[in-house]
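Asker: kindly generate the corresponding structure for this input.
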Amino acid sequence: MTMTKVAPASSDELDIGRKKITQADLDRILELHDAFLKRRSGGVRASLKLLDLSYLDLAGRDLSEADLSGCKMFGCALSGAKFSNANLFAADLRSAVMERAEFRRADLRGACLRGARMNDSIFVEADLRGGVMLRPGRDGELKQIAAGDGIGAELGSASAQRADMSRAKMSNAFILQTDLTDAVLCNVRFIRADLSNSNLTGATLEGADLTEANLTGAMLQGTVLSKACMMYTNLTDANLIGAILDAVDLSMADLTNASVVRRLSDLDTSLREIVSAHIEWVGSAGHSGRRADLSKQDLTGTDLSGLKLSASNLSYSVLKGVDLSKICLVMSDLSFVDLRDANLANSDLRGINLYRATLTGAQLVGARLGPVEISGTSVTNWPSNLENARLNRANLNGADLRGVRLARTDLSHADLRDADLRKAVLEDATLTNADLRGARLEGANLRGVMGYDGD
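Answerer: Numbering: from 1, shown residues only. Okay, the predicted model is just below:
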């Protein structure tokens with residue numbers, strides 16, 4: 001049996017056979033396609049297969065169900081465009097600007113998205129697995145007509161912040177050095193995918209299949225990996241501090257040089273001694289004693305209620321379900337901390353840093369999160385920082401949230417009854433189904449807030 005030889009095409013050969021069209025040509029095709037989508041007489045489904053659309057403007061256009069297989073769209077303006085159920089098999093989307101675009105159930109097998117900007121785009125149920133389109137080259141050999149390697153879709157060096165890729169198929173995909181900050185990747189199949197050195201900070205990968213995936217050097221701070229399958233996953237040099245790992249079995253994963261939280265039993269000093277030294281440090285204005293550093297510690301099951309730990313460092317720690325009621329954490333650093341279902345009722349949290357903290361289901365009834373007045377050459381109000389925090393289903397009934405920075409914070413289903421949110425910064429926050437009865441919002445920044453109608 002004779003084996004057909006297949007070779008990758010050179011940069012010049014990639015464009016052979018692709019017909020370059022003008023913006024006017026494209027606009028005419030899309031007018032007919034629009035009629036096709038609306039099932040009007042004379043409508044024609046757009047067939048852009050193997051055409052060169054480089055640098056053309058498709059922003060805001062609807063190309064759902066269109067055939068763009070093998071199409072070159074290098075540097076195209078695609079922001080706000082729709083490609084639902086479209087065929088983008090082996091398409092070249094390198095350096096395309098496709099923010100807030102929609103690719104629901106699109107066929108992107110073998111597509112190359114290297115360097116593309118995909119922030120806030122939707123790839124729900126899209127297929128980004130491997131795929132190769134072949135054609136004869138000048139020498140008669142079959143050449144693959146794709147900018148990638150065909151083994152899997154390539155997203156290398158792309159930016160996909162806040163993109164929704166739920167249930168997408170991404171086995172063997174090449175996602176090297178890609179920014180997936182806050183992306184939604186629930187139940188995605190990443191089998192043997194290369195995610196090395198990618199930024200997955202704050203991303204949600206609940207239920208994802210990462211079997212044999214390469215996460216070498218990946219940033220996973222605050223990443224939700226609950227129920228993810230990590231069989232033979234390569235986590236060498238990965239940063240897992242602050243990651244949510246409920247029901248995750250890491251026994252078969254490679255954790256060589258990976259950064260993970262430590263257990264309280266690993267501390268050289270007892271918790272009581274740390275607290276005592278910290279109280280002395282605060283009382284002496286730093287001249288004696290020592291600041292409490294409980295960062296990167298698993299403090300699950302510890303009772304911290306009523307302690308005085310102002311200006312302490314608990315960043316990246318696990319405090320899930322911990323009793324911190326009536327604790328004093330004024331101007332403390334709790335960034336990236338896991339406080340799910342923790343009790344912070346009547347606590348003093350003024351000026352606290354809870355950046356990217358997870359407080360899902362936490363009790364914050366009567367908590368003080370307002371600003372701290374700092375006196376010096378001039379009086380300054382130091383606000384609490386809860387930007388990008390997860391406060392969904394949290395109880396903030398009667399909490400003091402004056403001037404708090406809550407930009408991009410998830411407050412969905414939160415109890416905010418009688419909360420004081422005057423002058424709070426809620427820009428791009430989520431308030432879907434939040435209970436705001438009796439809440440004070442005078443002077444609050446509500447720009448871009450989702451789930452709030454102002455009534």
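
Asker: all contacts plus neighbour counts: C-alpha atoms, from now on.
Answerer: Fine.

Asker: now do the strands in the stretch 351-455 of the chain.
Answerer: Residue ranges of the strands in the stretch 351-455 of the chain, as given by DSSP state E, counting those that start in this stretch, are 372-374, 380-382.

Asker: format those strands as JSON lines; extra columns: mean neighbour count and distance to G283.
Answerer: Converted to JSON lines, the strands of the stretch 351-455 of the chain look like this (neighbours: other Cα atoms under 10 Å; distance: least, Cα to Cα, whole Å):
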{"stretch": "strand 372-374", "mean neighbour count": "14", "distance to G283": "17"}
{"stretch": "strand 380-382", "mean neighbour count": "14", "distance to G283": "21"}
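
Asker: and the pLDDT for E13?
Answerer: For E13, the pLDDT comes out at 47.

Asker: below-threshold pLDDT in this structure: ranges please.
Answerer: Scanning the chain for pLDDT under 70 picks out 1-17, 131-152, 376-379, 455.

Asker: so for the residue nearest in space to the middle of it, what's the nearest residue that isn't a sequence neighbour?
Answerer: Geometric centre of the chain, nearest residue: D182, 1.4 Å, by Cα atoms, centre = their mean. Distance criterion Cα to Cα, 6 or more residues apart in numbering; nearest residue to D182, sequence neighbours excluded, is A203 at 4.0 Å.

Asker: so what's the residue count around that neighbour?
Answerer: For A203, the count of nearby residues is 25 (other Cα atoms under 10 Å).

Asker: list the contacts of it.
Answerer: R162, L180, T181, D182, A183, V184, L185, L220, G222, T223, V224 (Cα atoms under 8 Å, 6 or more residues apart in numbering).

Asker: again, but for L180
Answerer: L180 neighbours (Cα under 8 Å, 6+ apart): S159, A160, Q161, R162, A163, S198, N199, L200, T201, A203.

Asker: roughly how far apart are it and S157?
Answerer: 10 Å (Cα to Cα, to the nearest Å).

Asker: same check on S84?
Answerer: 24 Å.

Asker: ditto for M165
Answerer: As judged by Cα to Cα, M165 and S157 stand 17 Å apart.

Asker: would A35 count as being in a strand?
Answerer: No: counting by DSSP: H, G, I helix; E, B strand; the rest coil, A35 is not found in a strand; it is helix.

Asker: which of S84 and S157 has more residues huddled nearby?
Answerer: Higher neighbour count among S84 and S157: S84, with 23 against 20, using other Cα under 10 Å.

Asker: contacts only, for the more buried one.
Answerer: Residues in contact with S84 (Cα under 8 Å, 6+ apart) are L63, S64, E65, E102, F103, R104, R105, A106.

Asker: drop anything exposed from those.
Answerer: The neighbour-count test (16 or more other Cα atoms under 10 Å) marks L63, S64, E65, E102, F103, R104, R105, A106 as buried among those.

Asker: list just the nearest of those to R94.
Answerer: Minimum distance to R94 across those is 15.9 Å, recorded for F103 (Cα to Cα).

Asker: I'd say the closest one and L128 touch.
Answerer: No: counting by Cα atoms under 8 Å, F103 does not reach L128; the two are 10.8 Å apart.

Asker: run the chain-centre distance for stretch 65-77.
Answerer: Chain-centre distance of stretch 65-77: 26 Å, with Cα atoms, centre = their mean, to the nearest Å.

Asker: just the CA trace of that stretch, in CSV.
Answerer: Output in CSV follows, covering the C-alpha atoms of stretch 65-77 (Å, rounded to 0.1, in the frame of the first residue of the first chain):
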residue,chain,number,x,y,z
GLU,A,65,-24.0,28.9,9.8
ALA,A,66,-21.5,30.4,7.3
ASP,A,67,-18.8,28.2,5.7
LEU,A,68,-15.4,29.8,6.5
SER,A,69,-13.3,26.6,6.3
GLY,A,70,-9.7,27.2,5.4
CYS,A,71,-10.4,30.9,5.3
LYS,A,72,-7.6,33.3,6.1
MET,A,73,-8.8,36.0,8.5
PHE,A,74,-5.5,37.3,9.7
GLY,A,75,-5.9,40.6,11.6
CYS,A,76,-9.6,40.8,10.9
ALA,A,77,-11.9,43.0,13.0
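
Asker: neighbouring contacts of that stretch?
Answerer: 18, 33, 45-59, 83-98, 133, 145-146.

Asker: which ones among those map onto strands?
Answerer: Secondary structure from DSSP state E places L51, D52 of the contacts of stretch 65-77 in strands.

Asker: who's in contact with G370?
Answerer: L349, R350, G351, P383, S384, D400, L401, R402, G403, V404 are the contacts of G370 under Cα under 8 Å, 6+ apart.

Asker: now the buried members of these.
Answerer: Buried among these (16+ other Cα under 10 Å): L349, R350, G351, P383, S384, D400, L401, R402, G403, V404.

Asker: quick revisit: who wins for neighbours among the contacts of L180?
Answerer: A160 (28 neighbours).

Asker: ok, now which ones touch that one?
Answerer: R117, M118, N119, D120, S121, T178, D179, L180, T181, A183.

Asker: any chance of the residues you listed in a markdown table, plus secondary structure and distance to S412?
Answerer: Conversion of the contacts of A160 to a markdown table gives the following (DSSP: H, G, I helix; E, B strand; the rest coil; distance: Cα to Cα, whole Å):
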| residue | secondary structure | distance to S412 |
| --- | --- | --- |
| R117 | strand | 28 |
| M118 | coil | 25 |
| N119 | coil | 22 |
| D120 | coil | 19 |
| S121 | coil | 21 |
| T178 | coil | 28 |
| D179 | strand | 25 |
| L180 | coil | 22 |
| T181 | coil | 20 |
| A183 | coil | 17 |
